[in-house]
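Enquirer: Mind folding the following:
(2 chains)
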2 protein chains.
Amino acid sequence: MATRELGMQRLSLTSLNGPAEVSVTLGLDFSMPHESYGKCFWECARRAVADKACAMLGVSRNIGQKLFAGFVPPTSEGGMRYLEGDRFIGCRVEMALEKGRTRTVDRACILLADRERNENEKETWERGTTLLAAAARRSFDQVHRDNVRYWRSVWDASDILIEGDPEAQQGIRFCIFQLHQTCRGIMDGSNVGAKGLTGEAYNGHVFWDTETYCLPYYLFNNPVAAKSMLDFRHKTLPQALERARELDCAGACFPVATIDGSESCTLWQHASLQLQPTTAVAYAVVHYASVVGDPSFLHGSGVTLLVQICRFLASRAQVSPRGGYGYYGVMGPDEFHMMVNNNCYTNYMARRTFLSTLEVLDEMQRTCPDTRQEILSALGCTERELSAWGDIAAGMIIPYDPVTGLYEQHDGYFDLPHIEVDSIPAAQFPLYAHWSYDRIFRTDMIKQPDVLMLMLLCNGSFSAREKSVNYDYYDPRCIHESSLSPSVHSILASELGRQDEAFELFRFATRIDLDNYNRNTAEGLHMTSIAAAWMNIVYGFGGLRSDGAGISLDPRIPAQWTGYRFPLTWRGSVIRVEVDHARARVSLVSGPPVEIAIRRKACTVTAEGIEVRMPQPRQEREGAAGKMPQPRQEREGAAGMEASCSLPA
Amino acid sequence: MATRELGMQRLSLTSLNGPAEVSVTLGLDFSMPHESYGKCFWECARRAVADKACAMLGVSRNIGQKLFAGFVPPTSEGGMRYLEGDRFIGCRVEMALEKGRTRTVDRACILLADRERNENEKETWERGTTLLAAAARRSFDQVHRDNVRYWRSVWDASDILIEGDPEAQQGIRFCIFQLHQTCRGIMDGSNVGAKGLTGEAYNGHVFWDTETYCLPYYLFNNPVAAKSMLDFRHKTLPQALERARELDCAGACFPVATIDGSESCTLWQHASLQLQPTTAVAYAVVHYASVVGDPSFLHGSGVTLLVQICRFLASRAQVSPRGGYGYYGVMGPDEFHMMVNNNCYTNYMARRTFLSTLEVLDEMQRTCPDTRQEILSALGCTERELSAWGDIAAGMIIPYDPVTGLYEQHDGYFDLPHIEVDSIPAAQFPLYAHWSYDRIFRTDMIKQPDVLMLMLLCNGSFSAREKSVNYDYYDPRCIHESSLSPSVHSILASELGRQDEAFELFRFATRIDLDNYNRNTAEGLHMTSIAAAWMNIVYGFGGLRSDGAGISLDPRIPAQWTGYRFPLTWRGSVIRVEVDHARARVSLVSGPPVEIAIRRKACTVTAEGIEVRMPQPRQEREGAAGKMPQPRQEREGAAGMEASCSLPA
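Expert: Next up, the predicted model:
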């Protein structure tokens, strides 16, 4: 981790029952076919096979991505032969093993990509060979020591400790390890692919939900990585502007799935109807500014993103004949309903986007009016345009029934035929793979939280009663045919004091890939699901909320745990939250004191810490324990919409 | 026409200004590439080039369709050379022309397809050469005489005479000629392709709307051809049963577009959401039985089709939480709204299908209970199933506002944002080619009649007031981005006494291909549009209605015409309707007297005829003349949804 291009490999061989002749082949192989396309995309531009370095420069056929790969061949007492093949080089080490004796083969590898593709082949090659020469000078143990040191600091900042549940403990550490390894902020403007860097499924695409699911982990653990995710969106703003034009709209429309910023989702019903990729970017900008407190970002790239997003949302909004503004012909986060009107999530998030943007601009008017004016002028944005956004926000239709407290997922949702999801045979899941495509769209069954997702994202804007009645209404209608879905329900269940239900929904969250629940871990990790596991603990049991001006905590603890502990980085300070069944304790680890609301009470957290007593466990509402999601093994799979989205046209 | 495989060709050459040497090449060319696919699908299996016959047997590469093509080479005084190329054979005739003298080159051609593909190549070849030998024995003039005789009988039975409008007169004769030439009932179970046999656009596909638009012409002019269209649906019932299974439904689901009965439309949003292809078949069965009076069809194939269609409709219906049954996630005839719920047309036509089917079965119970029982048993259809259909029909949701008399196109249609269609710049038509695909779906603008289509098909079930208020509501919202659309509006405008509006909507109906309005006649004729022109005159101005138990007439006449006349074949009788500005006269031409309602009064039409006075022209409602469709040249094009549907995956 300390030298990002360097990987060390050690093979230890011990003969258990007698002398043996062993031959070990070490190689570099550019002939691997891409899983989805069934063909190899690499050409070899250069190669070298020598005592000091075996190296190749691969160039991808489609976009000319250069990748230097090299290793320092091990020194060997026995024989060694160099091997060369088509897009393969390597060496074979022969050695004699005596009984009981261990021999090791170490090699240092360098992988160096010219991501920006602004070097020529010679330059990349030279950078690669220089790194390789430096690697040759270091021992396995030196590199290992540096790596251990690196990870210690990561764990100090990010570890979650769970007592009484070794599986969840192992699971969440696996998640944190993967999150950190995938994105740690050392590369400007990089985001998190759906499979991280671990598999070819989804073709490396970044999905729209990274800001919603992954960003919170980085915000509270690694703000530099969080910023790189937002920088990715700013860097790809030109593509988002172009995409909006393709949709006959103004401003910026962000993609459902992308690799370079342009829309890669080939299903129009997702790519053209889902507005939440765009509102998610706006939400993330504000979220980042609030948690990290980085006004230079907010007052530059941040507000630029916000303005272009508002433009898009304003151009896409329509006037209802009943009065007010709304979004027509959309698909909300719930992918089981498409071409709907006034999706509550979409309208609400659009309104919030307009209001947050206007707030940011108001704040800039006070703190940096010149910057504000400069940016607005550069964008050709007039006060009149801003005022129009205020009007749209004020007139936005929010489908809400004040009598029941229910938010209607979209116009007419309450009139949809009801289906008892428990009546669907387990063998029919995932439904995408077993039902006629059109059939999934015509009942009140939902794939993943939509109104409830909104209630998590804009948590502070909804009353306890609203959350409770909407949870009761939507939870039985949700089949969680997305690995991200149960964690959202779990977080809300926890907030509503339904700890058994919350724990049941959490139970598989941390181990989707460790235990290969979906039988598709070989395709790569479920990165957003892994990030959702972190949210499930910190937002769910820890009761963290960060959708307002500050942060608040309302810790709960599952009956199954004896205690847990997590750190939070907040505007340069680190605090620690420790919870057991008797008390919750919040204390400052480093940095200036932190203002925080604990159980709705404003506090200042210092090193001394603040302790609150834990509430007595409440009786679960009657019958609630009987409602739990089907085992994910049955419910999920790789055949979902996300997978389809990533297929090329 | 008398020998369907025979075509005669005569070239007449006259030198106007002096002697000339002329060479004429006559050939058979199997090397033509298919326009859409850009490649040739023919292989040559056999060929012969000789004095008595030049012939080839082509076999198509995809399905092994055999096609014999041959001609008798002309005898020539001058030189003649035979030519052979790759998939081409022919001959070149050399001749000397003196000034003012005319020479003719005649040839007889045979085109013979083994449509059923149950012959071997030798058998087809032999049938072809036999036909060619017979053709060689007949002169051009003999064949021409037979052909003239044939067409005379067609015009006697089908000609429409229009006085005072030579363009419409020529136009409608062109339409009738094409309709007859395309389908005349000599091939069992053949339907009418969207382009007839005249072009490769739509790849020869038969679209769902042939029953709705084309069948009426055949019903009232050529019942044998009408039956062949229904036989096509019966013949392809197995494919419709399979398609329903693919959609997780029971019974038979008929295709949006097809060539062999299986669904060829590759756009799921049409192929899976449109139920009107299926209700159209049921409507056609009942319509055929009513107009032609052929109980052997109705009580055999007809009722089988009806039962399987009801099964499909019953399995696709869902229970609304508000009570009643409906269809969710559908696209009605109007292709600008998809994934809608309770589309009025769909629900209403489904209800009508259930009720008609139960009526037919009741009638069979009285007239042929054994046949009824036999068919129901063979289909495994119980009385309980029939009773369930009655329940669904009785509980069917029909979106209707009794206060305004408006039928709502679908749930929530009245709440859609309004767009003034006249505000859309002409350059943006057709919208499919100029707007982002998703954008067309989110206003109250409609592509083609939906509620108004229903009011034409089930004309007798709606009150005059209902037709009037719904016409006033939907007409300004319809952009007629389908060549079939204006005729439907014209027919209703005529019924409502709005003759100027009706004529304006009719104006281009008969000449779409003659005048190449859509600039795509080269791709083939617009067959359904051509049939709609016939309906526009006979149902529109003539006021024919045939959706009840009998037929009725309510003749009007456009101010621009001095008179018009059309024949109708009705259950073996032929009647003639003659209309001018003073009177309308209905008389029997042949067959037994016909019971008919003329202006809502029951009459018996005999050879003597019945005369009624024409109403005085009413004042057009204010401003009505100002609302007329955009010129079709601007509005339409080949880029519509129908074209997309016909593209292969």
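Enquirer: ranges for the strands of the stretch 151-300 of chain A?
Expert: With DSSP state E, counting those that start in this stretch as the criterion, the stretch 151-300 of chain A has strands at A:161-163, A:206-207, A:257-258.
Enquirer: Show me what the longest one is packed up against.
Expert: Based on contacts counted as 3 or more Cβ pairs under 8 Å, 6 or more residues apart in numbering or on different chains; DSSP states H and E, the elements that strand A:161-163 packs against are helix A:166-182, strand A:563-570. From N, CA and C alone the C-beta is placed, and that goes for glycine too.
Enquirer: Give the helix, strand or coil label for A:Val579.
Expert: A:Val579 carries the three-state label strand when classified by DSSP: H, G, I helix; E, B strand; the rest coil.
Enquirer: isn't it right next to A:Met614, touching?
Expert: Yes. Assessed by Cβ atoms under 8 Å, A:Val579 is found in contact with A:Met614 at 7.3 Å.
Enquirer: and the two? which has more neighbours close in?
Expert: Higher neighbour count among A:Val579 and A:Met614: A:Val579, with 24 against 14, using other Cβ atoms under 10 Å in any protein chain shown.
Enquirer: And that one, how far from B:Ile63?
Expert: Distance from A:Val579 to B:Ile63, counting by Cβ to Cβ, to the nearest Å: 71 Å.
Enquirer: Please apply the same query to A:Leu67.
Expert: 48 Å.
Enquirer: Between those two, point out the one with more neighbours.
Expert: Set A:Leu67 next to B:Ile63 and count neighbours by other Cβ under 10 Å: A:Leu67 wins out with 19 against 10.
Enquirer: would you turn the helices and strands packed on strand A:161-163 into CSV with mean pLDDT and mean neighbour count?
Expert: Formatted as CSV, the helices and strands packed on strand A:161-163 follow (pLDDT from 0 to 100; neighbours: other Cβ atoms under 10 Å in any protein chain shown):
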stretch, mean pLDDT, mean neighbour count
helix A:166-182, 96, 20
strand A:563-570, 97, 22
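Enquirer: Quick check: neighbours shared by A:Val579 and A:Met614?
Expert: By Cβ atoms under 8 Å, 6 or more residues apart in numbering or on different chains, A:Val579 and A:Met614 have these common neighbours: A:555-557.
Enquirer: Sort out which one of the residues you listed lies nearest B:Ser153 for me.
Expert: A:Arg556 (89.3 Å; Cβ to Cβ).
Enquirer: Mind checking which of the shared contacts of A:Val579 and A:Met614 land in strands?
Expert: With DSSP state E as the criterion, strands contain none of the shared contacts of A:Val579 and A:Met614.
Enquirer: Closest one to A:Ala378 out of the residues you listed, please.
Expert: Nearest member of the shared contacts of A:Val579 and A:Met614 to A:Ala378, counting by Cβ to Cβ, is A:Pro555, at 45.3 Å.
Enquirer: ok, the closest one to B:Val154 distance?
Expert: 88 Å.
Enquirer: The two: who's more crowded?
Expert: Neighbour count, other Cβ under 10 Å: between A:Pro555 and B:Val154, A:Pro555 has more, with 24 against 17.
Enquirer: Distance check, that one against A:Arg565.
Expert: Look at A:Pro555 and A:Arg565: by Cβ to Cβ, they are 11 Å apart.
Enquirer: okay, and the common contacts of these two?
Expert: A:577, A:579.
Enquirer: Show me the shaky parts of chain A.
Expert: Applying pLDDT under 70 to chain A flags residues A:76-78, A:617-649.
Enquirer: for chain B, what are the nearby residues on chain A?
Expert: When proximity is defined as Cβ under 8 Å from any Cβ of the partner chain, chain A approaches chain B at A:246-249, A:268, A:272-273, A:318-322, A:326, A:328-329, A:338-341, A:411-412, A:414-418, A:435-439, A:441-444.
Enquirer: hmm, back to that, what's the closest of the shared contacts of A:Val579 and A:Met614 to B:Ala96?
Expert: Nearest to B:Ala96 among the shared contacts of A:Val579 and A:Met614 is A:Arg556, at 106.6 Å by Cβ to Cβ.
Enquirer: That closest one: what's it in contact with?
Expert: A:494, A:497, A:499, A:502, A:540-541, A:543, A:579, A:614-615.
Enquirer: quick one: contacts of the helix or strand hosting A:Thr124?
Expert: Assigning secondary structure by DSSP states H and E places A:Thr124 in helix A:121-136. The contact list for helix A:121-136 (Cβ under 8 Å, 6+ apart) reads A:3, A:5-6, A:45-46, A:48, A:52-53, A:55, A:57, A:59, A:66, A:68-72, A:108-110, A:112, A:114, A:119.
Enquirer: If we use 7 Å, what do you get?
Expert: A:5-6, A:45-46, A:52-53, A:55, A:57, A:66, A:68, A:70, A:72, A:108, A:110, A:112, A:114 (Cβ atoms under 7 Å, 6 or more residues apart in numbering or on different chains).
Enquirer: Top of these by number of neighbours, please.
Expert: A:Gly70 (27 neighbours).
Enquirer: Relative to the helix or strand harbouring it, what are the paired strands and their orientations?
Expert: Assessed by DSSP H and E, A:Gly70 sits inside strand A:66-72. Taking DSSP bridges as the criterion, strand A:66-72 forms sheet pairs with strand A:54-60 (antiparallel), strand A:102-114 (antiparallel).
Enquirer: Distance to B:Ser573 added to those strands, as CSV?
Expert: Below are the strands paired with strand A:66-72 laid out as CSV (distance: least, Cβ to Cβ, whole Å):
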stretch, distance to B:Ser573
strand A:54-60, 76
strand A:102-114, 84
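Enquirer: Could you identify which of these is most buried?
Expert: strand A:54-60 (a mean of 23; mean count of other Cβ atoms under 10 Å in any protein chain shown).
Enquirer: Point to the residue nearest the middle of chain A.
Expert: A:Cys214 (2.8 Å; Cα atoms, centre = their mean).
Enquirer: Distance check, it against A:Val206.
Expert: 10 Å.
Enquirer: Got phi/psi on A:Glu466?
Expert: Main-chain dihedrals, A:Glu466, degrees, to the nearest 10: phi -60, psi -50.
Enquirer: Correct me if wrong: it contacts A:Pro402.
Expert: No. At 10.1 Å, A:Glu466 does not count as touching A:Pro402 under the criterion of Cβ atoms under 7 Å.
Enquirer: if we can go back for a sec, which one of the shared contacts of A:Val579 and A:Met614 is nearest A:Thr528?
Expert: Comparing the shared contacts of A:Val579 and A:Met614 against A:Thr528 with Cβ to Cβ places A:Arg556 closest, at 23.8 Å.
Enquirer: any idea how far that closest one lies from chain B?
Expert: Note on A:Arg556: its distance to chain B, by Cβ to the nearest Cβ, to the nearest Å, is 35 Å.
Enquirer: Over to A:Asn347?
Expert: 14 Å.
Enquirer: So that residue sits against A:Tyr327, correct?
Expert: Yes. Assessed by Cβ under 7 Å, A:Asn347 is found in contact with A:Tyr327 at 5.9 Å.
Enquirer: Once you drop chain neighbours, what's closest to A:Thr14?
Expert: The shortest distance from A:Thr14 to any residue other than its chain neighbours is 4.4 Å, reached at A:Thr102 (Cβ to Cβ, 6 or more residues apart in numbering or on different chains).
Enquirer: actually A:Leu454, sorry about that
Expert: Spatially, and ignoring its direct neighbours in sequence, A:Leu454 is nearest to A:Tyr345 (4.6 Å; Cβ to Cβ, 6+ apart).
Enquirer: And for A:Lys467?
Expert: A:Met455 (5.4 Å).
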